[in-house]
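[1] predicted model and sequence below, questions to follow.
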Amino acid sequence: MRPSFQLRPARLYDAAELHALQQPFVAQGLLLPRSPRYLCENIRDYVVAVASDGRLAGGGALHFLDGDVAEIQSLAVAPRFRGAGLGSRLVAALLAQAREHQAWKVFALTHAPEFFLRLGFTRTIMAELPQKLTRDCLGCPKLAACQQVPVIADVFALRLPAAATQSGLPAETPREQPWEAAV
Ligand SMILES: CC(C)(COP(=O)(O)OP(=O)(O)OC[C@H]1O[C@@H](n2cnc3c(N)ncnc32)[C@H](O)[C@@H]1OP(=O)(O)O)[C@@H](O)C(=O)NCCC(=O)NCCS
């Protein structure tokens, strides 16, 4: 049977479990480390997916950088739930948030560019992301050896594969309602 998940905004009580979910990927160099305190301070950026046993199956963040650009950060799906479409659904939920807040472009710096490309993102170059370059990258000790690939999407033009929006994610997402019915 396909596992079922409910996607919802993260709450402060999710911070510790989100941190634990991210740690294996941080250790592999796939995600930047985020402390529990950072997660609490920025918890409104995060969407989580809750599995039927009540545990977090995945999560990701949408961080606004300026007037019309947002970044997908810290996207992670627990290994036991990989390949079930959850990563795609999390991206769909984050894009719905971007639409709600009228962000026109969403980008990610990622070690998994193929995952984003199959959702309709395109490759870009860092020169196209001056907000990110000046805010984070230029001060980063890994800049010269950075392996992350920048990908970008036009939020209002992107048409996600049906599976990512299978339960009809609304264009505008009320913050106090679950974003998707469990499937
Ligand atoms: C990337 C990630 C979030 C994808 O989650 P997921 O739930 O497995 O994704 P989906 O099931 O929606 O994936 C759908 C497709 O993307 C592909 N895909 C998944 N992860 C991929 C990766 N790391 N690289 C390339 N393609 C990937 C799958 O093969 C699948 O393709 P298919 O439908 O043609 O078989 C997950 O692999 C993960 O947590 N990775 C580690 C952390 C990371 O790299 N995050 C991205 C940083 S922004």
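    Looks like it came in fine.
[2] closest residue of the protein to the ligand?
    Gly87 (2.3 Å; CB to the nearest ligand atom). C-beta: built from backbone N, CA, C; applies to glycine.
[3] who are the contact partners of that residue?
    Gly87 makes contact with Gly58, Leu75, Val77, Phe115, according to CB atoms under 8 Å, 6 or more residues apart in numbering.
[4] show me what contacts the third one?
    This points to Val77. Ala49, Ala57, Gly58, Leu86, Gly87, Leu90.
[5] may I see the ChimeraX selection of the buried members of those?
    Applied in ChimeraX, the following selects the buried portion of the contacts of Val77 according to 16 or more other CB atoms under 10 Å:
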select :49,57,58,86,87,90
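[6] from the contacts of Val77, which land in strands?
    Counting by DSSP state E, those place Ala49, Ala57, Gly58 in strands.
[7] would you mind measuring from the residue of the chain closest to the ligand to Leu119?
    Distance, Gly87 to Leu119, using CB to CB, to the nearest Å: 9 Å.
[8] for the most centrally placed residue in the chain, phi and psi?
    Among the residues of the chain, the one closest to the centroid is Gly60, at 3.5 Å (CA atoms, centre = their mean). Backbone torsions for Gly60, taken as degrees, to the nearest 10, come to phi -170, psi 160.
[9] can you pull out the low-pLDDT segments for this protein?
    Applying pLDDT under 70 to the chain flags residues 1, 166-183.
[10] can you give me the helices for it?
    15-27, 36-41, 86-100, 113-117, 130-135 (DSSP state H).
[11] what's the most buried one of those helices?
    helix 86-100 (a mean of 23; mean count of other CB atoms under 10 Å).
[12] CA atoms only: put that one into CSV for me.
    Extracted C-alpha coordinates of helix 86-100, given in CSV (Å, rounded to 0.1, in the frame of the first residue of the first chain):
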residue,chain,number,x,y,z
LEU,A,86,6.8,13.1,-1.2
GLY,A,87,9.8,15.3,-2.3
SER,A,88,7.7,16.5,-5.2
ARG,A,89,4.7,17.2,-3.0
LEU,A,90,6.8,19.2,-0.6
VAL,A,91,8.1,21.3,-3.5
ALA,A,92,4.5,21.8,-4.7
ALA,A,93,3.5,23.0,-1.2
LEU,A,94,6.5,25.4,-1.1
LEU,A,95,5.6,26.7,-4.5
ALA,A,96,2.0,27.3,-3.4
GLN,A,97,3.4,29.4,-0.5
ALA,A,98,5.5,31.3,-3.0
ARG,A,99,2.4,32.1,-5.1
GLU,A,100,0.5,33.1,-2.0
